[in-house]
Each structure stands twice: as C-alpha cells, then as structure tokens.
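> Just need the structure, nothing else, for what follows:
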Amino acid sequence: MMRIQFSRLLVSAALIAAAAPLFAQTPAKPKPEDTEIWEPVPAVVTPGATCGAPPSDAIVLFDGKNMDEWLSVRDKTPAKWTVADGVMTVSKGEGSIETKRSFKNYQLHVEWKVPTNITGSSQARGNSGVFLASTGPGDDGYELQVLDSYENKTYVNGMAGSIYKQAIPLANPTRKPGEWQTYDVVWTAPTFNSDGSLKTPAYATVLFNGVLVENHFELKGQTLYIGKPFYKAYTAAPIKLQAHGDKSEPISFRNIWIRELN
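As a prediction, this is how the structure comes out:
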C-alpha cells in the first residue's frame, strides 16, 4: 500500500511540475497602449481651399500664369505652348514639353480639356498623354493616355484613363468635349539594381474625374506604340505632356501640381 501511495505522489508531483510552465507562459492581459504608436508624428499638410486646389506641400507645375516649370522635350529650351486665361494649350508645332524638375514617387493632379469643336475619330481625336516618367526623347517613358473618349470608339488599351497599350481602364467616366477632366495619380517609380536590371516594377493608381480607373497597376515596362514593353534603368525623371501629331484641334491643361512621396 505504501508503495502505491508513494507512486501516486510521484505522479502528482510530475504532473504539477509539467503544468507549472504552462501557467508561467500565460500572457498578461493586453492593454490599449500596447498597440499605440506615438512617433514619428506625420507632418502637417494644409489641404487646398477647394477640391483640386494644391495642398500646402505641393509643387505647383502650372498655375495659369506662365510655363516657367516647363521645357521643350526637343531641345530643352523654354516651353512655348500658348498660355491665356489661366489655361495652357498645346502648340503642336512646338512639340511635347516636360518639367524642368525630375521626380521619383509622387501624387500628381492634372486637369485637361478637349475643345468643344473637336473633330476626328478614334486615336485622331483629342489625343495627348501625361507621361508619368519621361525617360528620353519623343514618346520614351510611361504614358497615361489622354483622349476624347466620350462616344469615341477606339482600342480600349488606348482610351482615356489607360496606361497606354498596357492597362484597360476599369471604367469610362469621360465628360463631354468642352468640359474639364481631372486625373489624380499616385505613381511608384521602378527601381533598378546596380547592373541596370529591374529590382521592383512601376505601379500606377489613377482616379479619372474622381472614379478609380487604374488600381495599383503593375507596369510591364515603358509604354510603346509598337512592340512589347521593357524597362530601362533611370533614377528620377521629368513629367511629360504630349503634343500628338494628329490633325484634331489641340487640347488644353490647367491646375497641375505634384506632391513628392518618400
């Protein structure tokens, strides 16, 4: 009998010893402050007084007064598009223009308008482009298409709101010719390894007249009229506005600003 009781005591002691660490590992009751982060404090940014107006930390690229922030893509001389009544209008004979400054990651606001008297059809009707990174002469870079896509049939990866020849817009919120259109873009630039190979691709999110048309789209490389896209290494690049060679009436731009993102 004594042996049996002693054995039971040994088993009980072993069970208690085994259970002890379990009690020690029981987590303390969580507190709200365990998941509170107080620093670093985000910088204060004053929003624009009206919808679409530049916030306090924006770089204004066109305020309706002059083209001081722009150069000719062709020869890097001061841009010579027409400025009148707070609006910048494409001068097709002068060619495309690009910003004096170069950018990497950013938030961009652009307003554009196809004239009421627009003529032509498909790609020959109010054609232009916002190149989110201009990586060389001509149309080198990454283009967000500008076009009159109000009751104007064309290939869908070339309509307004498309990442040209790569991404079909999720919707077509184009307003009638003569009305102002708005692009709000978040651009994440591609990054490259030291040997020039791609490290991370480019991404674009686009709101067109307040409607999401590109949702963090991963670009396959530069946007090309002919051929397959490819990546070419760069660090930062200007933003380019296209003077397209079609014969339709020139389009206009206003209220262009950008916020650089880390």
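
> can you pull out the strands in the stretch 1-150 of the chain?
If DSSP state E, counting those that start in this stretch is used as the criterion, the strands of the stretch 1-150 of the chain fall at 59-62, 70-72, 82-84, 87-89, 97-99, 106-113, 128-134, 141-146.

> What I need now is these written out in a markdown table, including distance to Tyr155 and mean pLDDT for each item.
No exception for glycine: its C-beta is placed from N, CA and C like everyone else's. What follows is these, written out as a markdown table (distance: least, C-beta to C-beta, whole Å; pLDDT from 0 to 100):
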| stretch | distance to Tyr155 | mean pLDDT |
| --- | --- | --- |
| strand 59-62 | 30 | 98 |
| strand 70-72 | 30 | 98 |
| strand 82-84 | 30 | 97 |
| strand 87-89 | 27 | 98 |
| strand 97-99 | 26 | 98 |
| strand 106-113 | 20 | 98 |
| strand 128-134 | 15 | 98 |
| strand 141-146 | 10 | 98 |
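
> just those: most buried one?
Taking mean count of other C-beta atoms under 10 Å as the contact definition, the stretch among those with the greatest mean neighbour count is strand 141-146, which reaches a mean of 26.

> now the strands of the stretch 1-150 of the chain as CSV including distance to Ala204?
Converted to CSV, these look like this (distance: least, C-beta to C-beta, whole Å):
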stretch, distance to Ala204
strand 59-62, 18
strand 70-72, 22
strand 82-84, 28
strand 87-89, 23
strand 97-99, 17
strand 106-113, 10
strand 128-134, 6
strand 141-146, 7
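
> and Asn255, which of those is closest to it?
Within the strands of the stretch 1-150 of the chain, the stretch nearest Asn255 is strand 106-113; the backing value is 4.7 Å (C-beta to C-beta).

> Each with direction, which strands does that closest one pair with?
Applying DSSP bridges, strand 106-113 is found paired with strand 180-188 (antiparallel), strand 252-260 (antiparallel).

> who wins for proximity to Gly93 among those strands?
Between Gly93 and those, the shortest gap by C-beta to C-beta is with strand 252-260, which sits at 16.1 Å.

> So which bits of the closest one are buried?
With burial defined by 16 or more other C-beta atoms under 10 Å, the residues of strand 252-260 counted as buried are Ser252, Phe253, Arg254, Asn255, Ile256, Trp257, Ile258, Arg259.

> got a list of what Pro169 touches?
By C-beta atoms under 8 Å, 6 or more residues apart in numbering, the contact list for Pro169 reads Val156, Met159, Ala160, Gly161, Ser162, Val206, Phe208, Val213, Glu214.

> tell me the phi and psi of Gly158?
phi -130, psi 10 (degrees, to the nearest 10).

> that older thread, rebuild the contacts of Pro169 as CSV, extending it with neighbour count.
Supplementary listing: these in CSV, determined by neighbours: other C-beta atoms under 10 Å:
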residue, neighbour count
Val156, 13
Met159, 22
Ala160, 28
Gly161, 28
Ser162, 27
Val206, 26
Phe208, 25
Val213, 24
Glu214, 23
